[in-house]
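Chemist: below are the sequence and a predicted model for it; my questions follow.
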Amino acid sequence: MIWRSLQELPANFGPCAVTIGNFDGVHRGHGHIMRRVADVARRNAWKPAVLTFEPHPAKLVAPARAPRLLTTLDQRCALMEEQGIEEVVILPFTHEIAGLTPEQFVKQILAEKLKARAVMVGDNFRFGHKAAGDVQTLRSLGQKYGFVVEAVQPIAIRGRIVSSTEIRRLVEAGQVSQACRQLGRAYALEGRVVRGHGVGGKQTVPTLNLATGAEILPARGVYITKTRDLGRSREWPSITNVGFRPTFGGDEQLNIETFLLSPLDGETPEEIRVQFLRWVREERKFDNPEALKTQIFRDVARAQAYFRRLGELAPSAR
């Protein structure tokens, strides 16, 4: 269940085990905390819950430092549910909320509204006005207001702590396979399929052109991808170019063009999700469209080999 304000909560909400945060990306570290919340809640017949914020608190208190986000609010809610969370409470982050002292936040929100019995947070958790509260503050207040606190240690992969900041860096550097490892799934862009210039379909290969409102985009280049029709649940192995089409004179606007490695078989999808699996090469300008077409089929062969290794053999794209 998704509650979009504290006022929406019923009087009998709770008791619950809860974690608190923005959780952009809902990566493997977030999932580790949420699964712990779900486990504690299940053993005690409580509700597993998340308290999150909209907008990101930094947009209010330090807009110049506010991060561009990996996921929309609706995407975060859906991903939280996959981790076993049953109640998502969205707290509109206002100047009033930002001004609450740590004790006011605990008393008014965690104790009185959510009826928290257990609170799980990362070991670097801060809360309250000017981030005055930390995990030890939360533990002390938990003793006063009737809940236990557990600080969950971060997850490291190949020596690097999993974090939304690191995932943003990886995606924007084109290192999407490393981002996949930290997310626990492929980084994906969603949006409408829009009409392209028509040049590529005539002179090279036809593509699906994606228009997305995503704030984080992969670096310019060619990627092995999977493309899903969000309207009909069809899925295809694919390759995707993120760039400005330099072979055709260049565009001012970034293009996200996807070539399907297996037949479309039906109507062109209206909305798609493109999952970025592996970097192939940088975007570059070719002498003519025929040279670009030749390179695209080399890219296709590399993608075919990738999917064969996964046991997802795609038919030839020639």
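Modeler: Everything's here; your move.
Chemist: shouldn't V171 be in contact with A179?
Modeler: Yes: counting by C-beta atoms under 8 Å, V171 touches A179, with 5.0 Å between them. The C-beta positions use only the backbone N, C-alpha and C, and glycine is treated the same way.
Chemist: the stretch 151-300 of the chain: helices as residue ranges?
Modeler: For the stretch 151-300 of the chain, applying DSSP state H, counting those that start in this stretch gives helices covering 164-172, 176-183, 199-203, 289-309.
Chemist: among those helices, which is nearest W279?
Modeler: When the helices of the stretch 151-300 of the chain are compared by C-beta to C-beta, helix 176-183 sits nearest W279, at 6.1 Å.
Chemist: worst-scoring helix or strand of the chain, pLDDT-wise?
Modeler: helix 199-203 (a mean of 40; mean pLDDT, DSSP states H and E).
Chemist: tell me where the longest strand sits in this structure.
Modeler: Selection of the longest strand in the chain by residue count, based on DSSP state E, yields strand 271-281.
Chemist: distance between it and the chain's centre?
Modeler: Distance, stretch centre to chain centre, for strand 271-281: 14 Å (C-alpha atoms, centre = their mean, to the nearest Å).
Chemist: mind listing what that strand pairs with, with the direction of each?
Modeler: The pairing partners recorded for strand 271-281 under DSSP bridges are strand 187-194 (antiparallel), strand 221-229 (antiparallel).
Chemist: now the angle from the last one to helix 176-183?
Modeler: Angle between the axes of strand 221-229 and helix 176-183 is 50 degrees (criterion: axes from the mean of the first three to the mean of the last three C-alpha atoms, to 10 degrees).
Chemist: run the chain-centre distance for strand 221-229.
Modeler: 16 Å.
Chemist: what's it in contact with?
Modeler: Defining contact as C-beta atoms under 8 Å, 6 or more residues apart in numbering, one finds that strand 221-229 is touched by 174, 176, 186, 208, 234-243, 258, 260, 269, 271-283, 299, 302-303, 306-307.
Chemist: what average pLDDT does that strand get?
Modeler: Average pLDDT, strand 221-229: 96.
Chemist: all set, thanks.
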